Structure formats: structure tokens, C-alpha cells
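Asks: Could you look at this predicted model? Sequence included:
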Amino acid sequence: MLVEDDRPILELMEILLSRIGYEPLIVPDVYEALDIVRNDPPALILLDVMMEPMDGWEFLEKIREEYGIKDLPVILFTASPCVEERLATLQDKNLGVLEKPVSIPELRAGLEKFLKK
Amino acid sequence: MRSSGPGGHLKITGTANGELEMDEKVFRIYRYAFSETDIVRGFVIASLVITCTLITAVSFSRSLTLINYQIFFIPILYATYFYTRRGLIVAGISGIAYQAVGYYYRFPDPAALMSVTSEAFLFVIIASLMTFFIERIRSGEARYRSVFEHSQLGIVLVSLPDFRIKQTNDKFSDMLHFSAGELASMTFPSLAFTDPEQSRFLDQLEKHENCENFEIRFRTKDGNSCWANLSWSAIDERTVSVTAVNINARKLIEEINNDTMMKYRMLTENSPTSILVLREGRILFANPAFAAFSEYSPGEVEGKELHLLLDTRDRDKAGEFAESPAIRTLPAGSNELQFVTKSGGLRVAMVFANRITHNNQQATMMSLVDISVQQRLEEKIQQDNERRRGIIITVAHEMRTPLQPILGYLNLLIQDPEGFGIIDSTKKMLERCLVSVERERQIINQMLELSVLDSGKIQLTFSDFSLSALVTSVLDTCGYLSKGDVTMDIPDDLIIVADRDRLYSVIDSLLSNAVNYSKPPRKIHISYRPGAGGTTHTISVQDNGIGISEAMFSSIFEPFQLADAAKLSRKYNRLGLSLSIAKKIIQMHGGDITVESTVNVGSTFTVHIPQTSAEEKTRVS
């Protein structure tokens, strides 16, 4: 599942993910994404960080702490350079990061860390 | 007063009449010495005794009752006055002579004979009494004169009301180099060195009958000044006795001290550095620079305790500085004190303290260098740097996001040109676009990485790994082997402790530079050797590139600085951030990167990393 509020990136990522053999669920709205996670969790979430009205960190906290879903792999998909520092403090082995802009090989490698095709 | 002179002369140093000294001829008879005056007096006394005897004889023979024994008192008193005990001899002789004459004319009348004998005894009694009293008076005088003459104090007797000098002792004469005679013709106040001092002295003499420790400067005979401490008291209505102590030496020392103090004051008062003198934490002296610094006048802070002027957070430090035995060499930052100014502002000073002697007592002198401006500037620079980093991070983020669709679609198109109906020439153009996009992404990433490293918020993650494996990985992944003749001399079994990912990027940057700043045939050699003393790892990357002039060695590590930047930027289309990042990473490891280079021959970049255990590194970072 890709949670991203930037429409051009959303459309691109849908194509790229399909190209490399995944079946992406594209969700531009965070609340809708939360509902999906709660009711029918996907295999992995590719999560934009800077979103409105809820950013990726809050989203992550909600599914990990409120919903208690600890095993679901989440990859933060961000252009922000300060993610790794915060990532280190969380000590979450099911959490990764992919920096925007990402090339197809990088995307493939990043996903394969968590998902075996 | 007399004493025997050694050369047969009698030296008269003074007489009962206060005569001045004079020398006289002396005659010796048996063991007695007689001066001419003695002989004359002896003659007078003898004449008087004989005359008195004759007059008494006539008086007895004529029965004249009015003139008899009384006239003998003339020679007796005369002799007793001048010769005291010897006067008793004259009294005895006179008594015998009187008794002989009396017995001759009155014999055998028992009452008359008794009377004559009594009167003869009366001569001796009167002479004895005279002797007793005169000797007492003279011994008192002698004691006084001895004190007067031999006193270590100058003594002056001054007559009232004209303050004329009546008498002085040798000490006072010596003090001013005048003779006693010269002083006797002067008035006491006229000895003052200057007219104002004379007026002050006269005023003091007139107002105070008794006075102690009055200090005055006299003029000596040779025109110099002489400081004296005077005490005086009136001994009768017409005489004042003055004692004088020479305090020239003390005054000289005081003047030197004052001079030193003046110089010291001049230095401290004109010093641009704030200076405080403290004893037991209390301010004894504050210079004008401190007044400007604290906004308190020196008068307002003198006597105050230092800690009351400090910010509450620094009050404990005040004691340490006040008790400092010598110039303090404290670590940077710990010798700073924050002062609260009179208007309530906060000012920071770097403090240096050392022991001094102030007013003959131990004290602490504190020099305060106002670093408020410097600190504000540093804070501003830090804020500016923070802001700059914030801007770079925000801008970079905003720049990276739009790159994603460009990069993604280019990837898509290039990977499947047939699927999208792209002909070869279009594909080549798209590939060039992709290269440019990758370049831009790299620049933005480098800017971001440098900003994040600069912020100091990044922690290294240390691990043990094989250096040769790491370098091989860089060579393989980044394709450097295909770009030149790359050789490696690193022991296979060498394990080092460092942040693997970051050291990877450092090696990548150095190899990338070696490839980019040289032309084929490229020769790149990567080598390892333990550093001097076995405390460091030394990894070198040597190339045969264009080289760097020595003047540029330090600036190539500065952000956006390249050797011959404009030319190289044009030539290689590169921005010089990778070396800055590499150096920063190695510095975070506690090491450094150095460069040796010869223009048009090649460069060697050497990484020095301390050999430390992983545990230690984690703790240090």
C-alpha cells in the first residue's frame, strides 16, 4: 500500500510498482489508509512522511501503538534528510526508509528487504 | 660643669652661668689640677677669709656686737657655690680662725666661748646645707643636660610668644645641619621648607599648646628638605619643649610607594580591561573600565561582595576565583562569569585572577575581558548556521520531491523504450536527461548530508569489518575498475573499527575524485599502512591526475571550494562537496584527511583514523 498525498508521485509510483511486479494499493488519504490498515492490513506500507493533516510519523505511531500492529513492514518514503536520526531512536526492525527521488533499482532493492517475491 | 682635659688643660663645656666653652691653662699641685680661674678664686677666698678674720678681731677687740661671725659667710658661700664640698674646707678654716680670734678675746667667759664655738660650727653647718642643695640642683641639671645632649630625638626649646629658638640639642642641629648658634637666631616656624608649610606649622603651634605626631618638612642649611615628626608641650608660660624625629627615610619609602601606587592606578584606571581587586571575596578596588562594564560607579561596588554582582548561576564560582593562588589556567568556558549590570542586563566576562599585594596585604586581582559581544556574535553565528542548515534542508527537500516524477518516468521510458514507442535517438536524449537528474540528485544529497553532519546531530555506528572487503565493494559497485588501472595494497585479514557505511562513502568520494580529476591512462593505487606508533589506520588513495597547488591544500576541503574552482567546475562539471563531507566524517571518527600533491603529476589523499575499540568509539561518539 502506498500512502502519499502528492498526486504526480502517487501516479508515478503506481506505475513503477506495477512494473517491478507488485500490486500496489494507492491511498492518497491518511484516514482511509488507517481504516484499511485496521481492517485489512496490506503486506507493506510505503508511507510518505510530510502529509496533511497527519504526517507519516503520527500515522506510524497510530498503527504501532494504538492498533498494536508491530509486524507490518513500513517503509518511510521521504525527501527529508533528517529521518534516519529519528528512525534510529525507534528501534523498529520492521521500519525502513527510501529517500525521494528513488530510482527503479533502489525501489526494488528497498522493497525486497522486507518482501520476498 | 668641668672635666679634666688630657693635655694639662681643662675643657670647660659649660658653667653654672651658662658660659660658652673655652680653654684655660691648668696647673697641677700634687694630684690636684687648678685652672687660672681656680687660682684667682682661691686667692679671693683666702683674702676674704683673712679680711674677715681681721675684721672679726677688730670687732672683738672693740666689742662691736654688730659685726662678728656673719661676715665669714661671704667667703664660705662664695667657695661653696663654686666648689661645693671644697667649700666645707673654707668653712672649717673660717670656723677655726673665728674660734681662735673669739677665744683670744673672750677667754675665760664660758658663755662667750660657747657662743663662739657654736657660731664656728654654724659655718660648717651652713656650708654643708649649701653643698647639699647645690649638688642636688647640679645633679638634676646634669641629668637634664645629659638627656638633652645625648637624646636620640631632636630637642628644641622654643620661647613664647615669638617662637624663637632658645636652645637645641646636637641631634636637632645635626638633623638640619645648622649649628646651635645659628638656630638660636631663628624662629622655629621659619625652618619650614615652604611658605604654605610655614603657615600651617605656625597655625598649629599657635592653636595647640600640646601636640603629637605633627609632620612637617624642614629646610636644611644646604637647602634640602627634611621630614620630621614633631611633638610638643608647654613647659611653662614662656617655653615650649619640642621633640623632633627624623622621618625622612620613612617619607622616602612612602613617596616611592605612592609613586608605585600612582603608576599602578594609572595603569589600572586607563586599562581597557576591567580590573577588580578583592580580599576575602570583597571588592577593594574597581577601575573605570569595570564601571563601564557593570554600569556601577567604582564607589558603588567598592566594599561589596563580588558574588552579589554575579548571576545566581555563577555565584558559586566567585569563591574559586577569589581564593585563586595564581593565574588560573582553567578549561575554556569555565573561567567565564556572568555579571548582572546595574540596569539588570547580563554581561559575560572571561576572568583571569592572580595574587597581588594591595595596601601591604595579600589580595586577588581579577582582570575581566568582556566577551558579551563575542558571545552574542557566536550565538548569532550559531543561529545563522542553524538557520542556514534549516534553509538548506528545507530547500533540498523541496527540490528532491519534484525530482521523483522526473527520475521515475525517465527510468520507465529508458527501461522499456519499445513499450513506449521510443526510437533510439530519443532514448539517448532521455539517457542524457537521466544523467543530469542523477547529478542534481547527487548534489542535493551532498548538500543535505553536509548540513546534517555540520549540525552535529548525527551519531556514527561503529562495527568491525574488513577494510579490503569494503574497498573491493566500492570498486565493484561503483565500477571504478573499468575506469582506470586500479591497484590495491591492503592486507586481507585487516579488520578495522569504524562506521562502515560512512567510511564506504569516504572511499567512494576519494576514488571518484581520483577518476574524475585525471585523464586516461588513469593509475589509481589504494594502500594501507599502520600509522606512527600503531595508534592509527592510514589509508591512501593515489592518482596520476591534474594535481593541486599547495596553496589550495586547505581550501579544497571547504564546502564548494575546488582547486581552481571555476576552471574545474567548467571542465568536470562538478561541485566540490564530497571532500568536505569525507573530511567531516573522518573528523567525526577522531581522525583527519591530508593531501600531498604535485600539479600535473598527481595527488595522494590519506585518511588517518585512530585505532580504537568499538566500545570506546561508541562511548566517545
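Replies: That came in fine, so what should we check first? Numbering: from 1, shown residues only, chains lettered A, B, ... in the order given.
Asks: going forward, measure contacts between C-alpha atoms and count neighbours the same way
Replies: OK.
Asks: show me what contacts residue 75?
Replies: If you meant another chain, say so; for now it's chain A. A:44-47, A:95-98 (CA atoms under 8 Å, 6 or more residues apart in numbering or on different chains).
Asks: Switch to chain B, please.
Replies: B:45-46, B:48-49, B:90.
Asks: Which of those fall within helices?
Replies: B:45-46, B:48-49, B:90 (DSSP state H).
Asks: Just send those residues back as a markdown table, with pLDDT and neighbour count too.
Replies: Converted to a markdown table, the ones in helices among the contacts of B:Pro75 look like this (pLDDT from 0 to 100; neighbours: other CA atoms under 10 Å in any protein chain shown):
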| residue | pLDDT | neighbour count |
| --- | --- | --- |
| B:Ile45 | 92 | 20 |
| B:Ala46 | 92 | 17 |
| B:Leu48 | 92 | 20 |
| B:Val49 | 91 | 25 |
| B:Val90 | 90 | 27 |
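Asks: Need the max-distance pair from those residues.
Replies: Spatial extent of the ones in helices among the contacts of B:Pro75 (CA to CA) is set by the pair B:Leu48 and B:Val90 at 10.4 Å.
Asks: got the CA positions of the helix or strand B:Leu252 falls within in PDB?
Replies: Assigned by DSSP states H and E, B:Leu252 belongs to helix B:248-270. Extracted in PDB, the C-alpha atoms of helix B:248-270 (Å, rounded to 0.1, in the frame of the first residue of the first chain):
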ATOM      1  CA  ASN B 248      63.000  61.300  56.000                       C
ATOM      2  CA  ALA B 249      63.600  57.600  55.300                       C
ATOM      3  CA  ARG B 250      60.000  56.600  56.000                       C
ATOM      4  CA  LYS B 251      58.700  59.500  53.800                       C
ATOM      5  CA  LEU B 252      61.000  58.400  51.100                       C
ATOM      6  CA  ILE B 253      59.600  54.900  51.100                       C
ATOM      7  CA  GLU B 254      56.100  56.400  51.300                       C
ATOM      8  CA  GLU B 255      56.900  58.500  48.300                       C
ATOM      9  CA  ILE B 256      58.200  55.500  46.400                       C
ATOM     10  CA  ASN B 257      55.200  53.500  47.400                       C
ATOM     11  CA  ASN B 258      52.900  56.400  46.400                       C
ATOM     12  CA  ASP B 259      54.800  56.700  43.100                       C
ATOM     13  CA  THR B 260      54.300  53.000  42.500                       C
ATOM     14  CA  MET B 261      50.700  53.200  43.600                       C
ATOM     15  CA  MET B 262      50.200  56.200  41.200                       C
ATOM     16  CA  LYS B 263      51.700  54.200  38.300                       C
ATOM     17  CA  TYR B 264      49.600  51.200  39.300                       C
ATOM     18  CA  ARG B 265      46.500  53.400  39.500                       C
ATOM     19  CA  MET B 266      47.400  55.000  36.200                       C
ATOM     20  CA  LEU B 267      47.700  51.600  34.600                       C
ATOM     21  CA  THR B 268      44.500  50.200  36.100                       C
ATOM     22  CA  GLU B 269      42.500  53.300  35.500                       C
ATOM     23  CA  ASN B 270      43.500  53.600  31.900                       C
END
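Asks: Quick check: the residue of chain A nearest chain B.
Replies: A:Pro101 (4.1 Å; CA to the nearest CA).
Asks: Who's the closest spatial neighbour of that residue, skipping the chain neighbours?
Replies: Counting by CA to CA, 6 or more residues apart in numbering or on different chains, A:Pro101 lies nearest to B:Gln404, which is 4.1 Å off, once chain neighbours are set aside.
Asks: now for the one helix or strand in chain A whose mean pLDDT sits lowest, which elements pack on it?
Replies: Scoring the helices and strands of chain A by mean pLDDT, DSSP states H and E places helix A:83-90 at the bottom, with a mean of 79. The contact analysis (3 or more CA pairs under 8 Å, 6 or more residues apart in numbering or on different chains; DSSP states H and E) places helix A:83-90 against strand A:95-99.
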